[in-house]
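Q: Based on what follows, work out the 3D shape:
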Amino acid sequence: MKKLFLLLTAFVVISCQKKEEEKKESCTTEIKETSKDDDGFEMYQMSEMAALMEQMYVDNQRLKERIIKGDTIGQFPQHFLKIHKAVMTDEQENDDFFKEQAAKFIKAQEMIYKDPKNAKEHFNKGVDACVQCHQQKCGGPIPRIKKLYIKE
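A: Numbering: from 1, shown residues only. Okay, here's the model as predicted:
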């Protein structure tokens, strides 16, 4: 009985390690842009567009807080306009649909600053444009983007 228990335990441990190795392999194959440092580790490098989107997300978190608090909105961030020219990880993604959604996003963002009385509405339209684009292109960030909506 003890031998059977030990054999079963050993089998479970070995099979779990194999699954963990397979997961690690599949994760490393998904990262397209990498560079090796001196220790041989592979480091992920964002595309210009991914970095811009990360910056826009942070900027919009701050803007959301200002809108909710009723603070002054400030000036339209000009670096948002780079969305039209930033290099993507996959250049084929920069198609007509993306360009249309990017234009909707920029228009909504500009309207926040031109019409601050309706900032909440314009802000949420900008978030809508992001969600609609990511539904077609890359769905991963959608839950994070939806957190930007102003619900009050």
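Q: pLDDT below threshold where in this structure?
A: Applying pLDDT under 70 to the chain flags residues 1-40.
Q: Domain map for it?
A: The record assigns the chain these domain ranges, following automatic domain parsing: 2-44, 48-146.
Q: got the end-to-end distance for the last one?
A: Start to finish, the residues bounding domain 48-146 are 22 Å apart (Cα to Cα, to the nearest Å).
Q: starting at the chain centroid, how far to it?
A: Chain-centre distance of domain 48-146: 11 Å, with Cα atoms, centre = their mean, to the nearest Å.
Q: quick revisit: please render the domains of the chain as JSON lines that adds mean neighbour count to the earlier fields.
A: Every C-beta, even on glycine, is put in place using the N, C-alpha and C of the backbone. As requested, the domains of the chain are exported to JSON lines (neighbours: other Cβ atoms under 10 Å):
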{"stretch": "domain 2-44", "mean neighbour count": "9"}
{"stretch": "domain 48-146", "mean neighbour count": "15"}
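Q: For those domains, give me TSV that also has distance to residue 152.
A: Shown next, in TSV, are those (distance: least, Cβ to Cβ, whole Å):
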stretch	distance to residue 152
domain 2-44	36
domain 48-146	6
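Q: Give me the most central residue, the protein.
A: For the chain, the residue nearest the mean C-alpha position is residue 141 (4.1 Å; Cα atoms, centre = their mean).
Q: Show me the strands in this protein, by range?
A: Ranges of strands in the chain, per DSSP state E, are 34-36, 42-44.
Q: residues contacting the closest residue to residue 126 other than its chain neighbours?
A: Spatial nearest neighbour of residue 126, excluding adjacent residues (Cβ to Cβ, 6 or more residues apart in numbering): residue 108 at 3.7 Å. By Cβ atoms under 8 Å, 6 or more residues apart in numbering, the contact set of residue 108 is 122, 123, 125, 126, 128, 129.
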